[in-house]
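# Need coordinates for the following:
(one chain, ligands or ions: 1)
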Amino acid sequence: MTESTHPQQDAADTPAAAFRCGTVAIVGRPNVGKSTLMNALVGQKISITSRKAQTTRHRIVGIQTTDDAQYVFVDTPGFQTRHASALNRSLNRAVTSTLSSVDLVLFVVEAGYYGADDEKVLSLLPKNTPVLLVANKLDRIAENRSEVMMPFLEKMGQLFPFREVVPMSAKTRDHIARLFDIIRPYLPEGEPMYDADAMTDRSERFLASEIIREKVFRWTGDELPYTSTVIIDKFETEGRLRRVFATILVERDAHKAMIIGNKGSKLKQISTEARLDMEKLFDGKVYLEMWIKVKSGWADNEAGLRAYGYE
Ligand SMILES: Nc1nc2c(ncn2[C@@H]2O[C@H](COP(=O)(O)OP(=O)(O)OP(=O)(O)O)[C@@H](O)[C@H]2O)c(=O)[nH]1
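Residues are numbered from 1 along each chain as shown. Alright, predicted model coming up:
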């Protein structure tokens, strides 16, 4: 069949763009703004953000569906560059396997800064997957922006064959819209993998644990070691009511005391905020019960990690 015998194509000035769907990994050293970026890209908070470094531990998928594309984002844990425990080794393995199976990688750095930790992440990037450089936190460079950025971007371009370089701020809406336009051509043509209104393929159970973790870190600041974790012992749904039973696992009695606070005040605060966030996200009432358990040395025990699903 020639083009002229195809009535639909003749009628349209330009054929409608084909639908695209693909996966995008967001990588970078801790604290460059990966979680903030993903939250901005998927429009709702599903990954935790915190000032504390290395807070994102699980692989989280966020989904954004538009008229002509579905973007499936994979948030990877910050490459664990500081501590060498079994937990970190298991995390790095997870990141490496994630990266080998995506359509596009966003390598996030802080605009104008490239350090040893960034270099370690860069050295692990796949050679056969397109990588875009995202120079985030551009808003922090208020003065002499082009004088700072020009040499920086030139230097970065010499380090790795980035397909494109995107200076931006994850906190600015316009930049996010532009980033979508830049990403789209890298996704393969194809049908959507998820329902249009899906935002994550993670269970509510998982989201509940992430919300609690975020509150724990928020309320304990930098004092609590990042090895503390949250286990959801039971998650029940009854109509629109959710009952969540969670254990916060810490390494020492002192950490337990840190979370409980004076006469239980901190734990109460953590629990209330976590419950309110869950009620908003799940759109229904939540009953939340939390326990704190001390389990010394779990982060260094590979068998222990498997039991808690970190394999
Ligand atoms: N000024 C500014 N701050 C930002 C921007 N993006 C993120 N941040 C801040 O940077 C800090 C770290 O952001 P996160 O999104 O938690 O960083 P992350 O890379 O996910 O960190 P890990 O979970 O430790 O790997 C937070 O305090 C954010 O608010 C930005 O565009 N501009």
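
# and K256, helix, strand or coil?
helix (DSSP: H, G, I helix; E, B strand; the rest coil).

# which ones are touching it?
250, 292-294 (Cβ atoms under 8 Å, 6 or more residues apart in numbering). Glycine gets a C-beta too; all of them are placed from N, C-alpha and C.

# Name the nearest of those residues relative to the ligand.
V250 (18.9 Å; Cβ to the nearest ligand atom).

# Stretch 172-192 and the ligand in contact?
No. Using Cβ under 6 Å from any ligand atom, stretch 172-192 stays clear of the ligand, coming no nearer than 7.0 Å.

# in that stretch, what's buried?
175-176, 179, 182-184, 186-187 (16 or more other Cβ atoms under 10 Å).

# which ones among those are found in helices?
Cross-referencing the buried residues of stretch 172-192 against helices under DSSP state H gives 175-176, 179, 182-183.

# Make a markdown table from those and add pLDDT to it.
As requested, those are exported to a markdown table (pLDDT from 0 to 100):
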| residue | pLDDT |
| --- | --- |
| H175 | 93 |
| I176 | 93 |
| L179 | 96 |
| I182 | 97 |
| I183 | 98 |
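
# Okay, buried residues for stretch 228-244 please.
Neighbour count says stretch 228-244 has 228-232, 235, 242, 244 buried, by 16+ other Cβ under 10 Å.

# Name the residues that touch it?
57, 203-206, 208-210, 212-213, 216, 245-251, 255, 259, 278, 282-289, 291, 308.

# all helices in the stretch 101-250 of the chain, in order from the N-terminus.
116-123, 145-159, 173-183, 204-220 (DSSP state H, counting those that start in this stretch).

# is the longest one anywhere near the ligand?
No. Counting by Cβ under 6 Å from any ligand atom, the ligand has no neighbours in helix 204-220; the shortest distance is 9.7 Å.

# Only the buried residues of that helix, if you could.
Buried residues in helix 204-220 (16+ other Cβ under 10 Å): 204, 206-220.

# try the shortest one
Buried residues in helix 116-123, counting neighbours by 16+ other Cβ under 10 Å, are found at 117-118, 121-122.

# can you put those residues in TSV and add pLDDT?
Formatted as TSV, the buried residues of helix 116-123 follow (pLDDT from 0 to 100):
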residue	pLDDT
D117	88
D118	91
V121	86
L122	89
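
# quick one: pLDDT of L41?
As predicted, L41 sits at a pLDDT of 88.

# residues in contact with it?
With Cβ under 8 Å, 6+ apart, L41 has these contacts: 62, 64, 71, 73, 176, 179-180.

# Which of the residues you listed sits closest to the ligand?
Distances from the ligand to these, taken by Cβ to the nearest ligand atom, are shortest for I176, at 10.1 Å.

# residues contacting the residue nearest to that closest one when sequence neighbours are not counted?
Closest residue to I176 apart from its sequence neighbours, by Cβ to Cβ, 6 or more residues apart in numbering: A40 at 4.9 Å. By Cβ under 8 Å, 6+ apart, the residues touching A40 are 170-171, 173, 176.

# Kindly report the same for T247.
T247 touches 230-231, 233, 290-293, counting by Cβ under 8 Å, 6+ apart.

# Let's see that with 10 Å instead.
209, 212, 229-233, 289-293, 295 (Cβ atoms under 10 Å, 6 or more residues apart in numbering).

# ok, back up a step: reformat the helices of the stretch 101-250 of the chain as JSON lines; add distance to T129.
Output for the helices of the stretch 101-250 of the chain, formatted as JSON lines (distance: least, Cβ to Cβ, whole Å):
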{"stretch": "helix 116-123", "distance to T129": "13"}
{"stretch": "helix 145-159", "distance to T129": "17"}
{"stretch": "helix 173-183", "distance to T129": "13"}
{"stretch": "helix 204-220", "distance to T129": "26"}
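
# For L106, which of those is the nearest?
helix 173-183 (7.8 Å; Cβ to Cβ).

# Which elements pack onto that closest one?
When contacts are defined as 3 or more Cβ pairs under 10 Å, 6 or more residues apart in numbering; DSSP states H and E, helix 173-183 sits against strand 20-27, helix 34-42, strand 60-65, strand 69-75, strand 104-110, strand 131-136, strand 164-167.

# Tell me what angle the first one forms with strand 69-75.
When you say that, I think you mean strand 20-27. Counting by axes from the mean of the first three to the mean of the last three Cα atoms, to 10 degrees, strand 20-27 points 20 degrees away from the direction of strand 69-75.

# This completes my enquiry, with thanks.
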